[in-house]
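Undergrad: Let me see the structure of the following:
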Amino acid sequence: MMMISIVLTSKDRRLMLDLASYIAEHHHVIPVLKHDRIVLDELVSVDVQDVCSSIESFLASSGLAYIMHVDHEGRRITLYGGSHGKGSRDRDGAGDKDRGEGEDKGKGEDEGHDVGDGEHATTTVLICPHCNYTTEYEDILNLHMRAHYA
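TA: Numbers count the residues shown, from 1 in each chain. Sure, this is the predicted structure:
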């Protein structure tokens, strides 16, 4: 059973956390956050098409527009862009490559900031160096780290 990899070209860590949580709620997978991707460790076999549908639903509910390229054989989903408004979807090169309106809104944001108008606070993501467990809370990470040394 191969893992599904979701690659994000934007540096928005908050989006990665929210998307990983959303996918974990809708599928039997354990999301593992890497630097630029979410790797889905499957508990049961999950179809790439089902994950794509969940990603589209998440992006639509968030009002974000990304171009999605799906490599079914490699089980890799790549999200390009990061603007508000309508986007398009590319299935193995067969889709529209136009990024839509509002392309410049997501540019220039720093890692750890929400995409948007800057009203949101910076989110710090803490990552366990042993297993890549992620949390926003230092005390929870400290408790988690103790389990590695017990």
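Undergrad: Okay, helices next: where are they in this protein?
TA: Applying DSSP state H to the chain gives helices spanning 13-26, 48-62, 138-149.
Undergrad: Show me the one of those that comes nearest His72.
TA: Taking CB to CB, helix 48-62 is the member of the helices of the chain nearest to His72, at 5.5 Å. In this view, the C-beta of every residue, glycine as well, is placed from N, C-alpha and C.
Undergrad: buried stuff in that closest one?
TA: Residues of helix 48-62 classed as buried: 48, 51-52, 54-55, 58-59 (neighbour count, 16 or more other CB atoms under 10 Å).
Undergrad: In terms of secondary structure, what does it contact?
TA: strand 4-8, helix 13-26, strand 64-71, strand 76-84 (3 or more CB pairs under 8 Å, 6 or more residues apart in numbering; DSSP states H and E).
Undergrad: which stretch among these comes nearest Asp36?
TA: With CB to CB, the closest approach to Asp36 among those belongs to strand 4-8: 6.1 Å.
Undergrad: Which parts of the chain belong to which domain?
TA: The chain is divided into the following domains under automatic domain parsing: 4-111, 120-150.
Undergrad: Please work out which of those is packed deepest.
TA: Across those, the average number of neighbours (mean count of other CB atoms under 10 Å) peaks for domain 4-111, which reaches a mean of 16.
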